[in-house]
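*Asks:* The sequence and its predicted three-dimensional model are supplied below.
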Amino acid sequence: MPNDGISGRLSQLVATLAEDTMFVLAGDEGAVSAPPFEGLAKRRDEAYRAALHGQPHATMLSAFDPWVIDLSRAMAPIAPPDWLPMGDVIRARVTLEAGPRGLRSLFSDKPSDKEAQRVHRLGMLSVRLLRQVLSAARPLDGHDARMVGAFVASLGLPQHEALSLLNEPLIPGVQLDVFGDLEPKVAKAILSGAWLAAAWDGLHPREEEVIRAFAAKAGVALDEVEEARAAALSRVEVKRLVGLATIDYVRAVLSDRVPGIGQALPAFLGTLLLPRRYRDEGLAPIGHLAPVMLARRYLKLTHDERTRVLGLTWAAALHEDPSLGRQALLRARFEHVAEDLESDGREARMLVSGWISDVLATTARELALPATELK
């Protein structure tokens, strides 16, 4: 095969790596201080091989919902996305994706039957409450299905059990039974996820009724209920700023790729990042081709949040595997938007470029040595 064919496959791998980078930075608050990319690379090896060999696989641009679900499953034992309602439940180790625990991990790569039953029981309770909250004030839609699907995938259940949860009839109102032992940590995690789901599109009295009924049945103290509610509302506001900043900066850096990825990537990132109540605010300028006005509007973001935004921006810039000449142009634009955040952007750029280069080189070497054998 000619070298340009090989280069095309490597470019596809670059796009896949850039999209994975965007998913991680969009959802992992600790990605700057403790980058999770090495663990992700191991769990996404199959997808990277598919990209390198030109085989079908879900991508952000071609199959957004399956891509979100695949990445949510991959990140479950590493760092569940912070936008995922019930993500705190996964962090409380209610997932089989993390493998066996304790001494069992020395002798088997499969969780015990007891642990599998625990994950199924707590996962079922979480899914039922999540769907009740999401449907309390309006019918469920595709956005809700994507979030529920991402959470169910993160549980790591066998396929038949996962499908059973996804297809279970909706339990109406507040008729939710809390059964079996409910660890306090898990109860608080479920409560936190329910508040986040409700706050994502604006709290409604019927949603609050469902959540408070669950909290009473689960024995969660009132002060903890209010604390979880306030935390969810705060998280939504932070995500709004991160999402709006990312959309503006990606649009500015890829301003000459409209129509094309200069529109598509900001739109998908906005869908991933922005709470539903603020999504129209962020996505409307993309559809209207409104100019990007850099006016230092995002200086309230913390250092790590600024680095995540700039990392998302640079990952988007690398999505089409730009030549060195084009990278120089993109970097000049990138440094201009970094100035809008009062940052030089170097930390974010090195974080993204370093990981993509490392995985690209490793994958290409393992699958294509000598290079002429990549056919």
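*Replies:* The structure has been received and is ready for your questions.

*Asks:* Against Thr271, how distant is Phe151?
*Replies:* Relative to Thr271, Phe151 is positioned 17 Å away (criterion: CB to CB, to the nearest Å). Any C-beta I mention is one placed from the backbone N, CA and C, and that applies to glycine too.

*Asks:* er, Ala41 actually
*Replies:* The span separating Ala41 from Thr271 equals 25 Å under the rule CB to CB.

*Asks:* quick one: contacts for Glu224?
*Replies:* Lys188, Leu191 (CB atoms under 8 Å, 6 or more residues apart in numbering).

*Asks:* wouldn't Ala116 be in contact with Val94 here?
*Replies:* No: shown here, Ala116 and Val94 do not form a contact pair, counting by CB atoms under 8 Å, at 11.3 Å.

*Asks:* Please say which of the two ends up with more neighbours.
*Replies:* The neighbour count for Ala116 versus Val94, taken as other CB atoms under 10 Å, is higher for Val94 (28 against 16).

*Asks:* For that one, give its distance to Gly156.
*Replies:* Distance from Val94 to Gly156, by CB to CB: 10 Å.

*Asks:* Which residues are in contact with each of these two?
*Replies:* Among the neighbours of Val94, those also in contact with Gly156 (CB under 8 Å, 6+ apart) are Val119.

*Asks:* Would you map the helices across the stretch 51-200 of the chain?
*Replies:* In order along the chain, the stretch 51-200 of the chain carries the following helices (DSSP state H, counting those that start in this stretch): 64-75, 87-91, 113-134, 142-155, 159-167, 184-199.

*Asks:* show me where pLDDT drops low in the stretch 201-350 of the chain?
*Replies:* In the prediction, the stretch 201-350 of the chain carries no residues with pLDDT under 70.

*Asks:* again with the stretch 1-150 of the chain
*Replies:* Low-confidence segments of the stretch 1-150 of the chain (pLDDT under 70): 1-5, 99-109.

*Asks:* picking that back up, and Phe151 and Thr271? which has more neighbours close in?
*Replies:* Between Phe151 and Thr271, counted using other CB under 10 Å, Phe151 has the larger neighbour count: 28 against 18.

*Asks:* tell me, how many neighbours does Ala150 end up with?
*Replies:* The number of residues packed around Ala150, counting by other CB under 10 Å, is 25.

*Asks:* whoops, I mixed them up, Gln159
*Replies:* For Gln159, the neighbour count with other CB under 10 Å is 7.

*Asks:* Can you tell me how far it is from Thr246?
*Replies:* Going from Gln159 to Thr246 by CB to CB gives 34 Å.

*Asks:* by how many degrees do the biggest helix by length in the chain and helix 184-199 diverge?
*Replies:* The single longest helix within the chain, with elements called by DSSP state H, is helix 222-253. What separates the directions of helix 222-253 and helix 184-199 is an angle of 50 degrees, with axes from the mean of the first three to the mean of the last three CA atoms, to 10 degrees.

*Asks:* and the next element down the chain from helix 222-253?
*Replies:* Beyond helix 222-253 on the C-terminal side, the first helix or strand identified by DSSP states H and E is helix 261-273.

*Asks:* list the buried ones in the first helix or strand past that following helix going along the chain?
*Replies:* Beyond helix 261-273 on the C-terminal side, the first helix or strand identified by DSSP H and E is helix 279-287. Judged by neighbour count using 16 or more other CB atoms under 10 Å, the buried positions of helix 279-287 are Arg279, Gly282, Leu283, Pro285, Ile286.

*Asks:* Between all of those residues, which two are separated the most?
*Replies:* Arg279 and Pro285 (12.1 Å; CB to CB).
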